[in-house]
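Enquirer: any chance you could fold what I've pasted below:
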Amino acid sequence: MLNRILENQKQHNINERNRLNKLDKKNNNYETKQKRLNKKHNTKNVLNKIDVIDNLQEYYNIDDILQIKTLNSLPNNFNLNFNNNNNNNNNNNNNKPLYISKPIISNLIKKINIVYQYEYLNSEPVTGLGDFIRSCYFMNQISEKYNIEINFHINKHPIKKYLQYFENKNFISDEIMKNIQFFKTENYVYINYNNIINYKYKNIDKILINYLNSLQLYDGNVYLYLINHPDQKYITDNHKEKIENIFKPTNYLNDKITYAMNKLNLNKNKFKVIHIRTEDEILNNNIILNNRINYIIYTLRNVISQTQDDLFIISNNNYLKNILLHKIPKLKTIINDISHTADKNTNDEKLINTLKDFYIMSNSNCIYSFSVYQHGSGFSKWCATTYNIPYVCYFLHK
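Expert: A predicted model of the protein is given here:
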């Protein structure tokens, strides 16, 4: 009995030793086997081929870089370490997040041209001056992200002759002009919090770039119009300086602005602007609801109680201006006919009056905007952004 037990134990030891020897041999051959697999599947150093973010700001919005479904698939203990503070780590890329490749603009496209004109393909009408300025901010960010040249044009629109950058630019040919499309995919969500209007940026780069790649080429140029929103977090002083230069008024218009400010005794940075945006269809009309007027007056009286600065009113409704002047004599304004810059039936006088309002506003030290639209007003919003003016926009309920 004892001999049988010893014999069994001996055989077990032999089997165990053979198993361990095989395991050692397998481990010793692992590197050679892995090399064969790498060669077969071309997977050697695959992680080195995955791009990493060298500058997080360059990509603007991490939610747009790392798709949500990818984030949701990561293990709970996965750490997105955006700030690499480990000075002992010689390989900085080890602690950087991975990203999904950006869309690629066709290398046949050398320049993207944004064109402001009255009408686009399929009779799509143009929008207002504020929208155009906003699109310039958006395209400057696209230019930086994708290293592509951007150019801006005003084509066969009378505003061209009042802006230095555009004044002497050549017109676009009729062949190109009639085929210019209006890109209308939105990249924003408007937010109303405590009756103050703002927006949240959404990344639509993939959609936009696929669209750009589909456009007809003219000697390496594509032409379009869009009114997309820039990512506010990454609007830089350099962007603002570029936009200010693009929309710098001509000497002729600047003289009219100076004359108007002198006549009103408005000094640069010594007055506040009250901008009131009513419906386009009642421009210069006397249809306006009393509750809106009461809300504006209540807010203005609060502003007046806290400042000694002059208050200058800008509005697309002269009837409303007169009511406010009657209620609050301290206010200053200009009672002139104005026009929306998208209106094909305007004349030079109305257009100049609109531009005077814009550039007088650019000399203020604060802008209080009121709008009947959920999107607020681009006219005052992008003026405030360009000239570094504190800004708030209130929604006017019906």
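
Enquirer: of all residues in the protein, which one is nearest the centre?
Expert: The centroid of the chain falls nearest to residue 230 when counting by CA atoms, centre = their mean (0.7 Å).

Enquirer: following the helix-or-strand element of the chain with minimal mean pLDDT, which helix or strand comes up?
Expert: Across the helices and strands of the chain, mean pLDDT, DSSP states H and E gives its lowest value to helix 68-72, namely a mean of 34. Downstream of helix 68-72, the next assigned helix or strand under DSSP states H and E is strand 111-116.

Enquirer: list the buried ones in that next one?
Expert: Burial within strand 111-116, assessed by neighbour count using 16 or more other CB atoms under 10 Å, is assigned to 112, 113, 114, 115, 116. C-beta here means a position set from N, CA and C on the backbone, and glycine is covered the same way.

Enquirer: same question for stretch 229-243.
Expert: Residues 229, 230, 231, 234, 235, 239, 240, 242, 243 are the ones in stretch 229-243 that count as buried (16+ other CB under 10 Å).

Enquirer: just those residues: which are in helices?
Expert: Among these, DSSP state H puts 239, 240, 242, 243 in helices.

Enquirer: if I pick the nearest residue to the last one once chain neighbours are set aside, what's in contact with it?
Expert: What that stands for is residue 243. Spatial nearest neighbour of residue 243, excluding adjacent residues (CB to CB, 6 or more residues apart in numbering): residue 386 at 5.0 Å. Applying CB atoms under 8 Å, 6 or more residues apart in numbering, we find residue 386 in contact with 133, 240, 243, 244, 247, 362.

Enquirer: repeat the analysis, applying 10 Å as the threshold.
Expert: For residue 386, the contact set (CB atoms under 10 Å, 6 or more residues apart in numbering) comprises 133, 136-137, 235, 239-244, 246-247, 362.

Enquirer: that one and residue 246, how far apart?
Expert: Separation of residue 386 from residue 246 (CB to CB, to the nearest Å): 9 Å.

Enquirer: likewise for residue 225?
Expert: Here residue 225 is placed at a distance of 15 Å from residue 246 (CB to CB).

Enquirer: what do you get for residue 362?
Expert: Distance from residue 362 to residue 246, counting by CB to CB: 13 Å.

Enquirer: likewise residue 270?
Expert: According to CB to CB, residue 270 and residue 246 sit 27 Å apart.

Enquirer: can you map out the strands along the stretch 101-250 of the chain?
Expert: With DSSP state E, counting those that start in this stretch, the ranges of strands along the stretch 101-250 of the chain come out as 111-116, 119-120, 124-125, 149-154, 181-183, 188-193, 196-201, 221-226.

Enquirer: for the stretch 51-200 of the chain, give me the ranges with low pLDDT.
Expert: Flagging of the stretch 51-200 of the chain using pLDDT under 70 yields the residue ranges 51-100.

Enquirer: which of the ones in helices among the buried residues of stretch 229-243 sits closest to residue 321?
Expert: residue 243 (28.3 Å; CB to CB).

Enquirer: ok, back up a step: who has more neighbours, residue 270 and residue 246?
Expert: Counted by other CB atoms under 10 Å, residue 270 and residue 246 do not tie: residue 246 has more neighbours, with 17 against 13.

Enquirer: nearest residue to the more buried one other than its sequence neighbours?
Expert: Closest residue to residue 246 apart from its sequence neighbours, by CB to CB, 6+ apart: residue 165 at 4.8 Å.

Enquirer: okay, now the domains of this protein?
Expert: Here the domain parsing of the chain from automatic domain parsing is 1-38, 50-101, 111-239, 250-395.

Enquirer: start and end of the third one, how far apart?
Expert: Right, domain 111-239. 18 Å (CA to CA, to the nearest Å).

Enquirer: chain center to that domain: distance?
Expert: Distance of domain 111-239 from the chain centroid (CA atoms, centre = their mean, to the nearest Å) equals 11 Å.

Enquirer: before we move on, back to that, pick the one among the buried residues of stretch 229-243 closest to residue 251.
Expert: Nearest to residue 251 among the buried residues of stretch 229-243, counting by CB to CB, is residue 243 at 19.7 Å.

Enquirer: what's near enough to touch that closest one?
Expert: 133, 134, 136, 137, 140, 152, 235, 382, 385, 386, 387.

Enquirer: next: residue 244.
Expert: Residues in contact with residue 244, defined by CB under 10 Å, 6+ apart, are 362, 386, 387, 388.

Enquirer: between those, which has the most around it?
Expert: Tallying neighbours with other CB under 10 Å puts residue 386 at the head of these, with 21 neighbours.

Enquirer: gap between that residue and residue 242?
Expert: From residue 386 across to residue 242, the span is 10 Å (CB to CB).

Enquirer: read off the pLDDT value for residue 270.
Expert: Residue 270 carries a pLDDT value of 96.

Enquirer: please read the previous query as pertaining to residue 5.
Expert: We have a pLDDT of 48 for residue 5.

Enquirer: so what sits against both of residue 386 and residue 242?
Expert: Residues touching both residue 386 and residue 242 (CB under 10 Å, 6+ apart): 136, 137.

Enquirer: could you pull out the helices for the stretch 201-350 of the chain?
Expert: Along the stretch 201-350 of the chain, the stretches classed as helices by DSSP state H, counting those that start in this stretch are 205-214, 237-246, 251-264, 290-304, 318-327, 348-361.

Enquirer: buried set for the fifth one?
Expert: Looking back up the chat, that one is helix 318-327. Going by neighbour count (16+ other CB under 10 Å), the buried part of helix 318-327 is 318, 319, 320, 321, 323, 324.
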